[in-house]
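In: Take this sequence and fold it.
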Amino acid sequence: MERSSGNGGNKRNGGISPGGAKVTSPAVLKELFRSRGLQPRRSMGQHFLIDENILHKIINAAALQEEDFVLDIGAGAGAISLAVAAKVAAVVAVEWDRGLAGLLEEQARARGLLNLRVVRGDVRRLDLGKICRESWQSIATSREGAGGAGSADSPGSAESAEEESAPRAAQQAPGAPGAAAAPGPTGPEGGDRPHAAMPPVKVAANLPYYLTTPLLFKLLQGTLPLKQLVIMVQLEVARRILAFPGVKDYGVLSILCRYYTEPHFLFKVSRGVFYPRPAVDSAVVLLDVLPERPVNVKSEKLMWSLVSAAFQKRRKTILNALQKVEGLGKEEWERLLVSAGISPGCRGETLALNEFANLSNMLYNEKGVFGFCQQVQKREKEG
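Out: Numbers count the residues shown, from 1 in each chain. Below is the predicted model:
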């Protein structure tokens, strides 16, 4: 599927054409906000990237190809979305703020970026899989010159998209073999010749800082077929993503990212390249989605319940942290831990992913045997 940029978006300058404002310029951005009665909302994590060098480093890190499909979350005024849309087949930009969503639509139309769809809504409640499939189909069937950038009220928008329940622990691997890829629609002029199926999605985003952890859970544990994520996050969060067992930054987020992806720290970003200036520095992280899980787990739901319990109270020993989890008492947990080669006196922050996986598998087997014995006892009493 070809990219469309009807009024000549320029690849060399990140898609900034004479018809669009330079949204990475502080002066231009302030004027755009002033003319629309907008104000950055710090409480919503609205800090806008105003450095072209950092923008190009993010774009380069994503290794974009013309056939790529990119998702931008917390798109804001569109620094990333507008630059990316000039280089790839399709972009979906999710933005909660109505005023910013409207501004981004306006800038996309000014550049003739027909392959950019703006979706307004709370990303935590949106069905991203459905939105991306519908957007891909819509863009694939668009004829050159037929309309402008996607409307926030069009199919796939927050208003028309079905809301999604909270992220679940056990779902199909994003990007894994067999992950859903929506078939393309019949071409408008091609009879029975269909467009290409929706490819795995790349995420390129300056994630809203207050939503980073729940968003990563939603993305990595969801059904959207993902290929990679190039994301800007707080420097502290980047350290947590990359942390290894035994350090203070190691936790649930570390295990989540290593279970689904291979994480890489790319570069630090100074707080001075944002408007308004945040209180902390940032970092850009690359998460390459793994084609297969690095460990064998019989029940992901069970494993995540153990991981969650282990880090709820970090000062507790693993034995005390797991008491009453899955209905097992202290003696049963001590036996299981010893059998798994884990010291009952250690803390959860010292356990690696493979140790949590092994422990959860042993518990899974234990619960299976225990459940079978209960059924036999019940039948004996009834018979």
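
In: For the nearest residue to Ile73 once chain neighbours are set aside, grab phi and psi.
Out: Ranked by C-beta to C-beta, 6 or more residues apart in numbering and with sequence neighbours excluded, the top spatial neighbour of Ile73 is Ala205, at 4.5 Å. (Glycine included, C-beta is placed from N, CA and C.) Backbone torsions for Ala205, taken as degrees, to the nearest 10, come to phi -160, psi 150.

In: my read: Arg111 touches Gly20, true?
Out: Yes - counting by C-beta atoms under 8 Å, Gly20 is a contact partner of Arg111 at 4.5 Å.

In: More neighbours: those two, which one.
Out: With neighbours defined as other C-beta atoms under 10 Å, Arg111 and Gly20 compare such that Arg111 has more, 28 against 20.

In: quick revisit: need the overlap of contacts for Arg111 and Gly20.
Out: Leu82 (C-beta atoms under 8 Å, 6 or more residues apart in numbering).

In: Hmm, Val94 and Ser135 touching each other?
Out: No - the pair Ser135 and Val94 does not pass the contact test of C-beta under 8 Å, sitting 10.5 Å apart.

In: Please say which of those two ends up with more neighbours.
Out: A direct count of neighbours by other C-beta under 10 Å for Ser135 and Val94 places Ser135 higher, at 27 against 24.

In: Would you mind pointing out the helix or strand that one falls in?
Out: According to DSSP states H and E, Ser135 maps onto helix 128-141.

In: which intervals of the stretch 1-150 of the chain have sub-threshold pLDDT?
Out: By pLDDT under 70, the low-scoring segments of the stretch 1-150 of the chain are 1-19, 143-150.

In: Just give the number of residues close to the closest residue to Lys57 other than its chain neighbours.
Out: Spatial nearest neighbour of Lys57, excluding adjacent residues (C-beta to C-beta, 6+ apart): Phe267 at 6.5 Å. A count of nearby residues for Phe267, using other C-beta under 10 Å, gives 14.

In: Any idea how many residues pack against Val280?
Out: 11.

In: Same check on Val201?
Out: Using other C-beta under 10 Å, Val201 is surrounded by 26 other residues.

In: Now it. Its backbone dihedrals?
Out: Torsion angles, degrees, to the nearest 10, at Val201: phi -90, psi 140.

In: Can you verify my assumption that it contacts Ala62?
Out: No - using C-beta under 8 Å, Val201 is not in contact with Ala62, being 11.6 Å away.

In: Name the residues contacting each of these two.
Out: Val70.

In: contacts for stretch 248-261?
Out: With contacts defined as C-beta under 8 Å, 6+ apart, stretch 248-261 is touched by 173-174, 213, 216-217, 220-221, 229, 236-237, 239-244, 263, 287-290, 293-295, 307-308, 311, 314, 349, 353, 356.

In: repeat for stretch 50-62
Out: Contacts for stretch 50-62 (C-beta under 8 Å, 6+ apart): 14, 24-26, 29, 49, 70, 79-80, 83-84, 87, 202, 204, 228, 230, 232, 266-267, 269, 273-275, 284, 286.

In: mind redoing it with 6 Å?
Out: Stretch 50-62 is contacted from outside by 24, 26, 79, 83, 202, 204, 230, 266, 269, 273, 275, 284, 286, using C-beta atoms under 6 Å, 6 or more residues apart in numbering.

In: Of all the residues in it, which ones are buried?
Out: Buried positions in stretch 50-62, judged by neighbour count with 16 or more other C-beta atoms under 10 Å: 50-52, 54-55, 57-59, 61-62.

In: and what of stretch 72-89?
Out: Using 16+ other C-beta under 10 Å, the residues of stretch 72-89 that count as buried are 72-89.

In: Out of these, list just those in helices.
Out: 79-85 (DSSP state H).

In: now, which of the residues you listed sits nearest Ala101?
Out: Of all those, Ala101 sits closest to Ser81, with 10.9 Å by C-beta to C-beta.

In: Can you go through the contacts of stretch 248-261 and name the buried ones?
Out: The neighbour-count test (16+ other C-beta under 10 Å) marks 173-174, 213, 216-217, 220-221, 229, 237, 239-243, 263, 287-290, 295, 307, 311, 349, 353, 356 as buried among those.

In: Which elements pack onto the helix or strand where Arg109 lies?
Out: Here Arg109 sits within helix 98-111, counting by DSSP H and E. For helix 98-111, the contact count by 3 or more C-beta pairs under 6 Å, 6 or more residues apart in numbering; DSSP states H and E identifies strand 116-120 as packing neighbours.

In: Okay, domains of this structure per the record?
Out: Domain assignment for the chain by automatic domain parsing gives 11-289, 300-382.

In: Just say which of the ones you listed is most tucked in.
Out: Highest mean neighbour count of these: domain 11-289, a mean of 19 (counted as mean count of other C-beta atoms under 10 Å).

In: For that domain, what is the distance to the chain centroid?
Out: Chain-centre distance of domain 11-289: 9 Å, with C-alpha atoms, centre = their mean, to the nearest Å.

In: Please apply the same query to stretch 303-317.
Out: With C-alpha atoms, centre = their mean as the basis, the mean position of stretch 303-317 lies at 23 Å from the chain mean.
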